[in-house]
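Enquirer: fold the following and give me the result.
(one chain, ligands or ions: 1)
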Amino acid sequence: MARIPKNDLPLMAEDEGIVLFYPHMPKKAKEYVCDTLDGRWIGQGPKVDLFEARFRAQFNQPGPCISTGSGTDALHLAYLLAGIKPGDEVLVPLFTCTATNLPLLYIGAKPVFVDVDPRTLNISVEDMKRKISPSTRAIVCVHYGGLPCDMAEIQALAAKYSIPVIEDAAHALGARYDGKPVGALSAFTMYSFQAIKHLTTGDGGMLTFQDAGLAPLARRLRWFGIDREDKQKGIWENDIRDIGYKYQMTDIGAAIGLAGLEEFDDTLRHRRNLYRRYVEKLKPLQYVQIVDDFDPRKEHAAWLFTVLVEKRVECQLKLRSRRIESGQTHYRNDRYSVFGCHDEFPNMDAIDDKYLILPLHTRMSVADVDRICDVLAEGW
Ligand SMILES: Cc1ncc(COP(=O)(O)O)c(C=O)c1O
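Expert: The predicted structure follows:
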């Protein structure tokens, strides 16, 4: 069991300085939500369909797009649709939000943790090669912070073992790999629209997949195992054959999402400008290592900006003394006893007390990034 690191520093009040995260609420959100509240559908209705259609077109998603109540719901559906069964082994990232891995426990499957690539904090392809076996049923990867994983290498490995890749793109809406949007690369891809993501629906998610034939099952599993369309038309055969869930998005959420889609390009541009500025200002500092491999195949979605530093606690206290929040956000999952993992992860051990996330959101300006970098340039 990994040792438990210190907790994050307490959050700052938002008027105290530069906070780590802030939701991006698009200008038209209130209007679209009010319009929804005045209408007949506040749960899953026509706005959900419209949001799915617009999302698919805007992000060039080749497969069906099925919205959900959260990214976690979408991942659970992906694992079910991929045919993962109790006892199946699935290669998963050690370093991620627990939401990546907990739905495997819902099924009774066995997450097999793979160490990090210390340059990117993405899943290590080297360690994946060591852990993959004929018992492996799927590979799950997370584009940490919005930086795509080494998809060519991961796809090649999956093809060798004839198993699907499931992408957790919770951080990576807008990211591209080899010119293609994430979501166009693997058997399944999930996005999250949780409060502080690029595009929010309050809470929500999207699942997209290559095999369009799975869409009716995906929609049934999302809604109690019932064919909702047939039910509304009055032609549903009134039987439930699959264990379904209540995983749908609501029209209230979709209304916020539709407003977010309209602003998405500006949101992404702004976040990428902040990211680039961080890189420009911090690259010359020898004691700050930027978590990014700057691989030209990868276009970063700029959700998180992460660095590796020595004496992290001191660094955080110094930033806090200048009214700047910082944090860890995600932790290695072997620290959580629910996973019962006792393996060794030398790459993660090496960076566990060094990784630090700096503020990045649309309420910030380039001048805010400069202020943060200037504090770091003073040392700690
Ligand atoms: C990597 C990762 N996967 C999955 C999720 C779960 O998404 P959601 O909060 O929408 O359920 C999150 C967190 O939001 C995440 O950061």
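Enquirer: near the ligand, which residues of the stretch 101-250 of the chain?
Expert: Within the stretch 101-250 of the chain, the positions adjacent to the ligand are Val142, Asp168, Ala170, His171, Ser192, Gln194, Gly205 by CB under 6 Å from any ligand atom. Heads up, the C-betas are built off the backbone N, CA and C, glycines and all.
Enquirer: take the residues you listed and keep only those in helices.
Expert: Members of those lying in helices (criterion: DSSP state H): none.
Enquirer: what mean pLDDT does stretch 305-318 get?
Expert: In this model, stretch 305-318 has a mean pLDDT of 97.
Enquirer: start the count at 694 instead of 1 going forward.
Expert: All set: I'll call the first residue 694, so the last point we hit is now stretch 998-1011.
Enquirer: what sits closest to Gln848 if chain neighbours are left out?
Expert: Closest residue to Gln848 in three dimensions, ignoring its sequence neighbours and counting by CB to CB, 6 or more residues apart in numbering: Val858, at 6.2 Å.
Enquirer: scratch that, Thr765 is what I was asking about
Expert: That would be Ala792: by CB to CB, 6+ apart, it lies 4.3 Å from Thr765.
Enquirer: heading C-terminal from the helix or strand containing the one you found, find the next helix or strand.
Expert: According to DSSP states H and E, Ala792 maps onto helix 791-800. The helix or strand immediately downstream of helix 791-800 is strand 803-807, counting by DSSP H and E.
Enquirer: check which residues of that following strand are buried.
Expert: Lys803, Pro804, Val805, Phe806, Val807 (16 or more other CB atoms under 10 Å).
Enquirer: Gly736: which of the residues you listed is nearest?
Expert: Of all those, Gly736 sits closest to Pro804, with 32.7 Å by CB to CB.
Enquirer: isn't the closest one right next to Phe1032, touching?
Expert: Yes: Pro804 is within contact range of Phe1032, at 6.4 Å (criterion: CB atoms under 8 Å).
Enquirer: overlap in contacts, the two.
Expert: Asn794, Leu798, Asn1026 (CB atoms under 8 Å, 6 or more residues apart in numbering).
Enquirer: ok so, going back, closest to the ligand out of the buried residues of strand 803-807?
Expert: Closest approach to the ligand among the buried residues of strand 803-807 (CB to the nearest ligand atom): Pro804, at 13.2 Å.
Enquirer: who does that closest one form a beta bridge with?
Expert: Val783 (DSSP bridges).
Enquirer: quick one, what contacts it?
Expert: For Pro804, the contacting residues are Val783, Val785, Asn794, Leu797, Leu798, Asn1026, Phe1032, Cys1034, taking CB under 8 Å, 6+ apart as the criterion.
Enquirer: return the per-residue confidence for it.
Expert: pLDDT, read off for Pro804, is 98.
Enquirer: starting at the chain centroid, how far to the strand or helix carrying Ala849?
Expert: Assigned by DSSP H and E, Ala849 belongs to helix 844-854. Put simply, helix 844-854 sits 21 Å off its chain's centre (CA atoms, centre = their mean, to the nearest Å).
Enquirer: what helices or strands is that helix leaning on?
Expert: Helices and strands touching helix 844-854, by 3 or more CB pairs under 8 Å, 6 or more residues apart in numbering; DSSP states H and E, are helix 818-824, strand 829-835, strand 858-861.
Enquirer: domain parsing for this protein?
Expert: Domain segmentation of the chain under automatic domain parsing yields 707-714+957-1071, 722-950.
Enquirer: just for this structure, where's the confidence low?
Expert: Applying pLDDT under 70 to the chain flags the ranges 694-701.
Enquirer: now with 80?
Expert: Residues of the chain that meet the criterion pLDDT under 80 lie in 694-703, 706-709.
Enquirer: how far away is whichever residue of it sits closest to the ligand from Gln887?
Expert: Across the chain, the shortest distance to the ligand (CB to the nearest ligand atom) belongs to Gly764, at 2.8 Å. Gly764 sits 6 Å away from Gln887 when distances are taken as CB to CB, to the nearest Å.
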